[in-house]
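**Student:** Compute the structure for the input listed below.
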Amino acid sequence: MAKRGKKYEAALKDVPEVAVTPLEAMRVLKEMQTANFDETITGDFRLGIDTRQADQQLRGTVSLPNGSGKTVRVAVFAEGEAAKAAEAAGADIVGTDELTEQINRGEFNFDAAVATPDQMGKVGKLGKVLGPRGLMPNPKLGTVTNDVAKAINELKGGRVEYRADRYGICHVTLGKKSFTPEMLAQNYGAVYDEILRMKPAAAKGKYVKSITVSSTMSPGVMVEPQVQRLYDEAVSAAE
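**Tutor:** Predicted coordinates:
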């Protein structure tokens, strides 16, 4: 096991012994002095699903109301009017054959990829290269579309992907440490609601088993899974 640094050990003393509300968890993370850069805040949602079963897999995207705090470079596979629309929407790279050659050379100057449906014949051949990096355009994620401008705006505006790993854990970006606790809690709520909404019908027993939030260099802080649901119900009842 790697030796923990002094800042990490000091931060451990600030971690509550019990699960707390999302807002309190974010406040705790904000107060931890663990790094000299703007750390990324992530949420780890441990779910009661068996992703080895096709009907219990969980994957999708969710738009964070306060953005992710990350500058996302978007590559778009498109031609003609779609290519012009992509450029106008702020795509960082637009092309087809030239972009394909770039990727085959091992040049990945982008964080997300979008493709129009007519380009998937070419893009599909890059599956073995793009897939392992999580860069393969996917219609279920909204990245295979004729409306490339919308996809680009969503990716650059704070849309993040979630996917349950083989242990049934979703690791999701919630924002940056420079965000206010309220902004982080709002982003957390959007992710939590989405994960609840997308619960696989085949999932049995307790669905959300535990939730932990942490920054890049900090220990995790446990979040009470039921708090957000109860808050959402109270808001709905008041409307």
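**Student:** Could you name the helices and strands sitting against the lengthiest helix in the chain?
**Tutor:** The helix that spans the most residues within the chain, counting by DSSP state H, is helix 181-197. Taking 3 or more Cβ pairs under 8 Å, 6 or more residues apart in numbering; DSSP states H and E as the contact definition, the neighbouring helices and strands of helix 181-197 are helix 22-31, strand 40-47, strand 59-63, strand 159-163, strand 169-176, strand 208-215, helix 225-238. (Each C-beta comes from the backbone N, C-alpha and C, glycine too.)
**Student:** hmm, 6 Å instead?
**Tutor:** The elements that helix 181-197 packs onto, with contact taken as 3 or more Cβ pairs under 6 Å, 6 or more residues apart in numbering; DSSP states H and E, are helix 22-31, strand 40-47, strand 59-63, strand 169-176.
**Student:** in the longest one, what counts as buried?
**Tutor:** Buried residues in helix 22-31, counting neighbours by 16 or more other Cβ atoms under 10 Å, are found at 22, 23, 24, 25, 26, 27, 28, 29.
**Student:** could I get the residues you listed as TSV with pLDDT?
**Tutor:** Shown next, in TSV, are the buried residues of helix 22-31 (pLDDT from 0 to 100):
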residue	pLDDT
22	91
23	91
24	92
25	93
26	93
27	93
28	92
29	93
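**Student:** where does residue 98 land in three-state SS?
**Tutor:** Taking DSSP: H, G, I helix; E, B strand; the rest coil as the rule, one finds residue 98 in the helix state.
**Student:** separation between it and residue 122?
**Tutor:** If you measure residue 98 against residue 122 using Cβ to Cβ, to the nearest Å, the figure is 11 Å.
**Student:** Who has more neighbours out of the two?
**Tutor:** residue 122 (14 against 9; other Cβ atoms under 10 Å).
**Student:** quick one: that one is in a helix?
**Tutor:** Yes: looking at residue 122 with three-state DSSP, it is inside a helix.
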